[in-house]
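# curious how this folds, go ahead:
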Amino acid sequence: MADTQLYLAIGIPTIALVLGMTGNGFLFNALSARLSSLEARVASLETRTEARLLALETSMNTAST
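Residues are numbered from 1 along each chain as shown. Here you go, the predicted structure:
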């Protein structure tokens with residue numbers, strides 16, 4: 001009986017630890033994917049804004065000359 005109690009006392013927390021680490025790995029990967037998506041969207045917005053500002057600058061230069 002003592003051996004079974006020892007195995008349970010060691011095994012259950014070990015299993016919980018492994019499951020927790022696995023779950024955190026999945027959450028980390030999901031967060032990484034979301035951040036990559038956000039980074040791509042910000043880069044796209046930056047490119048579009050830069051193009052709009054360049055067009056505005058061009059139109060102001062042609063209007064003033």
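# burial count for Phe26?
Counted with other Cβ atoms under 10 Å, residues neighbouring Phe26 total 9. (Each C-beta comes from the backbone N, C-alpha and C, glycine too.)
# so for the helix or strand encompassing it, what's the average pLDDT?
Phe26 is part of helix 2-64 when elements are defined by DSSP states H and E. Helix 2-64 shows a mean pLDDT of 94.
# and Ser37, what is it in contact with?
The contact partners of Ser37, taken as Cβ atoms under 8 Å, 6 or more residues apart in numbering, number zero.
# how close does it sit to Glu46?
Distance, Ser37 to Glu46, using Cβ to Cβ, to the nearest Å: 15 Å.
# now swap in Ile10 and tell me
Relative to Glu46, Ile10 is positioned 53 Å away (Cβ to Cβ).
# with Leu56 instead?
16 Å.
# Gly20 now?
Taking Cβ to Cβ as the measure, Gly20 falls 38 Å from Glu46.
# swap in Ala2?
66 Å.
# what about the two, which has more around it?
The neighbour count for Ala2 versus Glu46, taken as other Cβ under 10 Å, is higher for Glu46 (10 against 6).
# pull the CA atoms of stretch 24-41 into CSV?
Extracted in CSV, the C-alpha atoms of stretch 24-41 (Å, rounded to 0.1, in the frame of the first residue of the first chain):
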residue,chain,number,x,y,z
ASN,A,24,1.4,26.8,-22.1
GLY,A,25,3.2,25.7,-25.3
PHE,A,26,0.0,25.8,-27.2
LEU,A,27,-1.0,29.2,-25.8
PHE,A,28,2.5,30.6,-26.6
ASN,A,29,2.2,29.4,-30.2
ALA,A,30,-1.3,30.9,-30.6
LEU,A,31,-0.1,34.2,-29.1
SER,A,32,2.9,34.2,-31.4
ALA,A,33,0.7,33.7,-34.4
ARG,A,34,-1.6,36.6,-33.3
LEU,A,35,1.3,38.9,-32.8
SER,A,36,2.7,38.0,-36.3
SER,A,37,-0.7,38.8,-37.8
LEU,A,38,-0.8,42.1,-36.0
GLU,A,39,2.7,43.0,-37.1
ALA,A,40,1.7,42.3,-40.7
ARG,A,41,-1.4,44.5,-40.4
